[in-house]
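>>> Sequence first, then the predicted structure, then my questions.
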Amino acid sequence: MTGARLWGLFLGALVCTAVVAASQVPWTPEPGGDAMVRLSWRAVPPSVEDCHPPTEEELAGLPQHMRPTEICAGHALPFRLRFVLDGRVVVDEQVVGAGARGDRPMYVFHELRTEPGTHRIEVEFGPDGTANADEAIGAQGSSLVREVDLGPLDIALVTRSSDGALLLR
């Protein structure tokens, strides 16, 4: 072996030894500390389509076999997330689907620190009020109102069930 390879082998063994030694050091969180409420879920936004019969201008230039019977333009419905902790609005935001057209799943993820103790949490997740009333038909929202007792370093998780109901874990 050449000198460079020996040095490389030596440094690799030294780094591995340091990682093993560091992984054996006990870690205990400092006493006390904040509690946390975590909002985390994925939801598929309902899509809304606006269809109409094609006009002569829209059909102009299209071969006979490519002429549609109706033309549809769709978009995903935006949702509103509102989180209230002890009567104070902490999160109030519009949630839209991912992707260029917003038609991919919506993702919600917030980690909100708070003091340990008993807290009242209110979560609302549903169609945004800015949406057209006809578009919101069939789109389901959900809400959750609970009191939760959190100790130091406790995490309360708010998530959604498969049927869209908000759950506290």
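Great, that's in hand. As the structure is a computational prediction, the values presented were derived from the model and not from experiment. Residues are numbered from 1 along each chain as shown.
>>> Quick check: phi and psi on the nearest residue to V84 once chain neighbours are set aside?
Nearest non-adjacent residue to V84, counting by C-beta to C-beta, 6 or more residues apart in numbering: E122, 4.1 Å away. C-beta here means a position set from N, CA and C on the backbone, and glycine is covered the same way. The phi and psi values for E122, taken as degrees, to the nearest 10, are phi -130, psi 120.
>>> how about E122, what does it touch?
Contacts for E122 were tallied using C-beta atoms under 8 Å, 6 or more residues apart in numbering; they are 82-85, 143-145.
>>> Just the buried subset of those residues, written out for ChimeraX, thanks.
Listed next is the ChimeraX selection for buried residues among those, using 16 or more other C-beta atoms under 10 Å:
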select :83,84,85,144
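>>> Relative to P116, which of the contacts of E122 is nearest.
Nearest to P116, judged by C-beta to C-beta, of those is L85 at 13.3 Å.
>>> what's in contact with the helix or strand W41 falls within?
Assigned by DSSP states H and E, W41 falls within strand 35-43. Contacts of strand 35-43 from elsewhere in the structure, counted by C-beta under 8 Å, 6+ apart, are 79, 81, 83, 85, 91, 105-117, 119, 121, 123, 125, 148, 150-160, 164.
>>> Look up how far L9 lies from the residue nearest to Y107 when sequence neighbours are not counted.
Nearest residue to Y107, sequence neighbours excluded (C-beta to C-beta, 6+ apart): R42, at 5.5 Å. Between R42 and L9 the computed distance is 47 Å (C-beta to C-beta, to the nearest Å).
>>> Name the spans of this structure whose pLDDT lies under the cut-off.
1, 29-30, 130-139 (pLDDT under 70).
>>> which helix of the protein spans the most residues?
The longest helix of the chain (DSSP state H) is helix 3-23.
>>> picking that back up, following element in sequence after the strand holding W41, please.
Moving toward the C-terminus from strand 35-43, the next helix or strand (DSSP H and E) is strand 47-52.
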